[in-house]
Every structure is written in structure tokens, then in C-alpha cells.
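Visitor: show me how the following folds:
(6 chains)
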Number of protein chains: 4
Amino acid sequence: MTDEAQRGGRPRDARVDAAILAATRRLLADVGYGALTMDLVAAHANVGKAAIYRRYAGKQDLVFAAAVHGRTLDPPPDSGDLRTDLRWLVGGVARSLSSPATRAAVPALIADITADDDIADRFLRTFVAEERAYVETILDRAARRGDLRTPADAEVVHSLVLGSIFARIYLLRRPADKAYQHEVTDLLTAMLQPR
Amino acid sequence: MTDEAQRGGRPRDARVDAAILAATRRLLADVGYGALTMDLVAAHANVGKAAIYRRYAGKQDLVFAAAVHGRTLDPPPDSGDLRTDLRWLVGGVARSLSSPATRAAVPALIADITADDDIADRFLRTFVAEERAYVETILDRAARRGDLRTPADAEVVHSLVLGSIFARIYLLRRPADKAYQHEVTDLLTAMLQPR
Amino acid sequence: MTDEAQRGGRPRDARVDAAILAATRRLLADVGYGALTMDLVAAHANVGKAAIYRRYAGKQDLVFAAAVHGRTLDPPPDSGDLRTDLRWLVGGVARSLSSPATRAAVPALIADITADDDIADRFLRTFVAEERAYVETILDRAARRGDLRTPADAEVVHSLVLGSIFARIYLLRRPADKAYQHEVTDLLTAMLQPR
Amino acid sequence: MTDEAQRGGRPRDARVDAAILAATRRLLADVGYGALTMDLVAAHANVGKAAIYRRYAGKQDLVFAAAVHGRTLDPPPDSGDLRTDLRWLVGGVARSLSSPATRAAVPALIADITADDDIADRFLRTFVAEERAYVETILDRAARRGDLRTPADAEVVHSLVLGSIFARIYLLRRPADKAYQHEVTDLLTAMLQPR
DNA sequence: CATTAACCGAGACGGTACGTCCCGTCTTATC
DNA sequence: GATAAGACGGGACGTACCGTCTCGGTTAATG
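Guide: Okay, the predicted model is just below:
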């Protein structure tokens, strides 16, 4: 839906794209997912509803695009130290889940992911795969340094990192602040390092 | 709302209670949370909508009751061994998140939790507090046995256990099966045990 | 649509029926057919849109009911004189086509009649058949009195009466006032009387 | 709007003019006024929407042009006989209201006439004034021949002729065929002739 | 045993958001 | 400057669901 071909005729206006996403993010932060209405987005973006539906299949699609876009991590810098690498990872995940728009959107998105395989696939490819690859990179580096107790499954480690921060914010409803990040990093380091 | 007093008059029909919950669970598993309509529940339970609203404050309340009620863990048996205690904990959490009705309900419930502080409090008290207490119990026992590397924060450990399994099922969309439970248990044991 | 059976449950509220029709008639007269919106009717009637759609299949159906209901003529009194009978007929038709709500609704209704056979049938049975029967009654009386030049087809005479007044108001856009009614009555009398 | 000046540049393509009108007439006959969409006309004519709006002010203007243009009567031949003149008039009006495209367009046009004074004026001048002049001509001739009972108002007679045929087709929904035309002509002749 | 209060199924109620459709205008690149 | 294509702002449509209310009728505990 987001990226369709276009033969002739008037091209899509990039300013409209931007206005829609900006309005969506602002409204997510201001009024939350539940009170975010397509008419409201259209009004705030000074845009017709049709312009939104031309770009996104529906509310879920729009919110997914607005909340997820640009939330990807930078590639992990090689610090030469497992603890530092993990701190970077934990910090990055915490940051990407903590912005106001994301905080408002993610829970409803999780619900949609469970209900709609299309969005699920997109979410897995966009979000999850990248993070998982970074976990793998960090584990490989540590293994090459002899810094790893035993070969750990990257997917399981990823579920520990992503899941603990997700649970902290969305289930326990407490901030994933520096102190929390530090504690989790320590525990993960202890879990993975030899001795 | 779920358990209000009732002075005189005709008492509530227990068969209606059962029919409502059964229909809700069946529909959660069959059509999911989004397509679960109060009218649909009423129709499938051969019940008037008022009978549902007499018992539950709304859709969220109903689904919470149908999906979560009775999902609490047994108190943790004292196995005298940290690894065994953790295996029991991981298995219990995985089981409580894996039933079809729960799988359909939890994501939407998370969304509601974020939007509604009332239901959030209930969720935290019902679900989270109990699990957290069990984590604390397990950690205390291990500490008394000298089986713990260092005093770990129960809340953080809880977020690791709950979060990793939640992420496995609802974010990565893979089963939290025995193999996965085993791996997580091993990693948590390594994380917490001395040496 | 307008008159469906109803087994159990809460019965339709007659005040809602009345409020919908009153609001529709008022809005027809005030803003015209084009600016008459279902949401506007609902708002003015303090009624939900669903309450309207439960009663009427759409805007056409609603306007038809609001504009046509109660517009039927009284049975023709037997004056013993063809000219007087015709004057009553012409006056009645002119009156029924001249009210503000009717003036606003009829043209659009004609358009709908052409497009939708269901509404056409209803219109023919409700409106046309009655008028035609009255024409027939008047012609029969005149014939029995020997007051008729030659047996005239009631349907053709009806098309002359109804059509001329309709054309006067809606095509030539001039009022079907007393003077016009008098002239038409004279011509029709001349047309039908012997000599 | 229909005939504006055009200074320089590329002249309008006459094939486009024809394609637009042909598509409009075909669609009027096939799907009716309500389902006739500007996009649909453009698509069927293989033409851009702008090409239509460059020629016509809107849907009403287009349909008016497509359905009404060229529908004007020839001037009434002087037959020297009132009945023959009336037969010609009745036949001409019936013919001009009976073509499929006209049948689909006229009712909606009536609705627009009521709502929009601009189009009403155009309609009155184009259509009505001409017919009325012809009625006047016929009456004048008859009067000069002494063939008229009494000086009848041309406008009223016009409303009788136009209205009866209009009602026959659009309100009673029966064909204005030869038999009907004959009857109406007879009645009108009786109405106007002396004795 | 009669009363009474709360129950019951059914479904109408006000309200609100949805996603679709069409209008008439505007913006491309092409001829 | 006309053309085909199609995006644009605006706005009404008819549908669906929520949570409340109303109807006629039923069922147990109280007086």
C-alpha cells in the first residue's frame, strides 16, 4: 500500500506525505491511539481523508508507518567489550520504545500484529530482523574474543533484551531509565560472560 | 463491577454467567479480539446484552475476566535448587500466556492497559504483583542457600522472565515451547548463579 | 422498510418517529433537498443516525415519507356541478404541490422515481392512484348527469390536471395561484362539457 | 461556459467534444443520472476530466447540453387547421421528452432547476420560451381564422400541453404514444374550438 | 400466598468513527 | 495552450459497534 507504482498523472505531493505523518505523530503523543481519528488527522494535516487512504490501508497502517518509521537502530559500534556492546543495545532498544508517539502507538500495534498477518510480517521484517541481526553481531564479536561463556542463541538473547524492556515499559509501566538499563546490562553480561 | 452486592429479588442465573464466559472464550479463539462484539457474545451465549453489562463494566472487563481469570500460578514449590525453581517459573508464565483465548486477548488488553489507568491497576495487582512475589520468593531462597551471585532486583528479574516469554510469543510470534523454556532457564541460571 | 414486524424487545419510540419527520420537513423548507443531510436531520431531531436508517432505507425514502405523508386529498364532495367538482380537484392538487416542504422535495423525488422502481411503485400507489380515482369519480358523476360531452379517459384527464399544475410550479416556476386555478378550471370545463 | 472565447494556442479538439457528449448520452441511457459520474464519463470518452470541465461548468451543465441540445422543435407549419396544429405540437413535445437520454436526464435536471436559479433561467429561455412562442403562434392563427372559442392564455395552454405529456411520462410512467397523443389532441381541440 | 425487586431475552436508543465515493480544482509530463 | 492521468481538499454517505435504556415477562426471597 505504502509504495505503489505510478504511471502518469499528477504525482503524490511529498508535503502531503510529511503533513500526514507529522499530524499522526503529534496526535499520538497528544491524545493517544484511541482518540486518534482519521478525520482528526486529516483536519490537523489540512488534508482530505482520501489523501490518507490513498497512502495507507487504514488506521493501523497509518499508525504503524508513523510510529515505526525511522525508529531503527544504528549499527552497533565495535567497542571491543561485551558489557559496552550490551549497554549500547539496551540503551538503543529502550530509546526506540520510549518516545511519546511510540509509547502511544505500540500497544495498539501489538494488538493489530496479532490480528493481522500482513502487518505482522512487515513488523517482523522491519523491526525485529534488524535488532536480531545486531544481537548476532554482538554475540559473534564476543565469541571471537573468547568473551562468551557458551554459544548462546541470538534469538533467545534478543527476546530477553527486547522483552525485558518492553515488559518494563508496557506491562509493569515503569520507566526504562538509566538505572534500569544499567541493571539489565549487568545481568546480561553476567549471563553471557565466562567465569 | 464483577462482584457487586445484590439485595433482594431474583438472583443471578449461574448458567448465564457460564454461558457468557464460554461464548467469550470461544469467540476470542475463533475470531479474535477485534471481531469480538458484545452483540456477538450475547447472541452466541443466548443472552441479552444487559445480562453481560450487569456483570462486566465493558468489553475490556469481560475479556479480562474471560482470558485472565484463573490463570494465576500456583505458589512456587521449594525444590532446593535455583535451576529447578526457575524452570517452574518459566514454565508457568509460558503456560499462562499460551492458551488460545489468552493469545487472542492479551495484546488488546495491553492496549487497553495503556489507555485506561483503572484496568492497569487491576492488571498490575492481579497478575503482576503475584508473579513478582514468586520471583522474590525464589531469589530469597537462593540467597539463603548462598546460591546467588549477588543480590538481584526481583522486579528486574521479573521483567526478564515475563518480558522474554511475552516477546517470544507476541512480538517474535514463535512458540514458547519446551526447548525455548529450557534455553531461557539455562541463561537465567547462569545469570544468577555464582562462579 | 417503513412498516416491519417486531417480535420482542424494546418497541420503536413514536416520539422518535415524529421528531425525524418534523426535522426533515423543517429542513426541507429551510435549506432545501440538496443541503439536507442525514447527519443534519439526526442532529435536529436529537436522534442517532441509526434510528433514521432503522426506519428508512436512505435519504430518498426519508424525504418521500416526510414530503408525501398526509398530502392525500379528501374525497371529492359531490357538488352536482362539473365546474365546481373540477375547481375542487384543481385546488386540491395545487395545494398539495405548493407547501414549502413539498416544493423542496418533489423535484428530487421525481428524479428518484425515475431511477428506482421501488419508490416509483410506492409513489404510483400512494399518490397517483388516489387522485386518478377521484378524477374517475368526478367524470362518472358528470356522465350520469349528462354533463359530459363524450366518455373521456380518466387517466388522460388526470395527466392534464396534475401535469398542468406540476408544469406551472416546477417547470415554468410560477405560482399556481387562484387566478391560474380559475383559468385551468374554465378550460377543463370547456373541454369536457357538451356544446 | 459552453461557448467561451479562445484566444491563441492549440485549438480544442472537436473529436474530444463529440466523445464527451456521446459518452454522456450513452451513460445516461445505460446507468441513469445518479450513477453518471464525471470520472466515468471521462473514462468512457477516453478523455481527461479537465477536458470536460474546460467545456462545461459541471455535471448539470454537461447533462443539460447532452440531453437537451438540439431537442428544440421546428417552427410550427401553418396547416390552416387548429386540430392539425395541435397534433404537431403535442407530437413534437412528446418526441422531445421521449428519447432514452432525455428520459434519464430530465428528472434530475428538474431537481437542479429548482435548486439553482442560473440553470433555471437557461432552461426557461432555451426550452420553455420557444415552446410558449409556438403555442402563441398557433393560438393567434386560430383566432384570426375565428377558430377559437375565446382568447385563451398561451402560458396556461402551454402548461396543459407540456405538463400533461410530462406527467404521462415521468409521473404516471406510461408511454406518450400515438394513441395518447391523439386523445390529448382531441381534448385540447374541444377545449379551444367554438361550439 | 401475595408482593416485590431484581432478573431475563430482545432490541431500539444516542453517539461516534469508520472507510467509500463523488465533486470540482490543481499539477504533472506530453504533444 | 490543449491533452490524459490522476492527486488534491472537502464533504455526505451508509455501516458498525459501544454502552444505555425500555419493553414484556420470569423467578426467587420476603412479608
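Visitor: what's near enough to touch A:I119?
Guide: Applying CB atoms under 8 Å, 6 or more residues apart in numbering or on different chains to A:I119 gives the contacts A:60-61, A:64, A:109, A:112-113. To be clear about C-beta, it is placed using only N, CA and C from the backbone, and glycine gets the same treatment.
Visitor: so what's A:V63 closest to, chain neighbours aside?
Guide: Nearest in space to A:V63, with sequence neighbours left out and distances taken as CB to CB, 6 or more residues apart in numbering or on different chains, is A:A105 at 5.0 Å.
Visitor: convert the C-alpha atoms of the helix or strand bottoming out on mean pLDDT in chain A to CSV, please.
Guide: Across the helices and strands of chain A, mean confidence by mean pLDDT, DSSP states H and E is lowest for helix A:117-123: a mean of 83. Below are the C-alpha coordinates for helix A:117-123, written out as CSV (Å, rounded to 0.1, in the frame of the first residue of the first chain):
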residue,chain,number,x,y,z
ASP,A,117,-0.7,-11.3,9.4
ASP,A,118,0.2,-8.6,6.9
ILE,A,119,1.2,-6.1,9.5
ALA,A,120,2.9,-8.9,11.5
ASP,A,121,5.2,-9.7,8.5
ARG,A,122,6.0,-6.1,8.0
PHE,A,123,6.7,-5.6,11.6
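Visitor: domain ranges for chain A?
Guide: A:3-67, A:73-192 (automatic domain parsing).
Visitor: would you mind finding the most buried of those?
Guide: Stretch with highest mean neighbour count among the domains of chain A: domain A:73-192 (a mean of 19; mean count of other CB atoms under 10 Å in any protein chain shown).
Visitor: gap between it and the chain center?
Guide: Relative to its chain's centre, domain A:73-192 lies at 10 Å (CA atoms, centre = their mean, to the nearest Å).
Visitor: and the end-to-end length of that domain?
Guide: 22 Å (CA to CA, to the nearest Å).
Visitor: what's stretch A:89-96 in contact with?
Guide: Residues from elsewhere that reach stretch A:89-96 (CB under 8 Å, 6+ apart): A:71-74, A:76, A:102, A:131, A:134-135, A:138, A:161-162, A:165, A:176, A:180-181, A:184-185, A:188.
Visitor: how about the helices in chain A?
Guide: In chain A, the segments counted as helices under DSSP state H are A:14-31, A:38-45, A:49-55, A:59-68, A:82-98, A:100-115, A:117-123, A:129-144, A:154-166, A:178-192.
Visitor: for those helices, give me JSON lines that also has distance to D:L171.
Guide: Output for the helices of chain A, formatted as JSON lines (distance: least, CB to CB, whole Å):
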{"stretch": "helix A:14-31", "distance to D:L171": "48"}
{"stretch": "helix A:38-45", "distance to D:L171": "41"}
{"stretch": "helix A:49-55", "distance to D:L171": "38"}
{"stretch": "helix A:59-68", "distance to D:L171": "47"}
{"stretch": "helix A:82-98", "distance to D:L171": "68"}
{"stretch": "helix A:100-115", "distance to D:L171": "53"}
{"stretch": "helix A:117-123", "distance to D:L171": "53"}
{"stretch": "helix A:129-144", "distance to D:L171": "68"}
{"stretch": "helix A:154-166", "distance to D:L171": "69"}
{"stretch": "helix A:178-192", "distance to D:L171": "79"}
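Visitor: so which of the domains of chain A is nearest DNA strand F?
Guide: Set against DNA strand F and scored by CB to the nearest atom of the strand, the domains of chain A come closest in domain A:3-67, at 2.0 Å.
Visitor: which bits of chain A sit near DNA strand E?
Guide: A:8-11, A:35-40, A:49-50, A:53, A:58-59 (CB under 7 Å from any atom of the strand).
Visitor: wait, which of those is closest to D:V156?
Guide: Nearest to D:V156 among the residues of chain A next to DNA strand E is A:A50, at 50.6 Å by CB to CB.
Visitor: what sits against that closest one?
Guide: Taking CB under 8 Å, 6+ apart, we find A:A50 in contact with no residue.
Visitor: next: A:R125.
Guide: Contact analysis of A:R125 by CB under 8 Å, 6+ apart lists nothing.
Visitor: measure it to chain C for me?
Guide: 41 Å (CB to the nearest CB, to the nearest Å).
Visitor: could you do A:V184 as well?
Guide: Applying CB to the nearest CB to A:V184 and chain C gives a distance of 51 Å.
Visitor: where in chain A is pLDDT low?
Guide: Applying pLDDT under 70 to chain A flags residues A:1-7, A:70, A:195.
Visitor: tell me the phi and psi of A:L73?
Guide: phi -80, psi 160 (degrees, to the nearest 10).
Visitor: with the one 5 residues further on instead?
Guide: The main-chain torsion angles of A:D78 are listed as degrees, to the nearest 10 and equal phi -80, psi 100.
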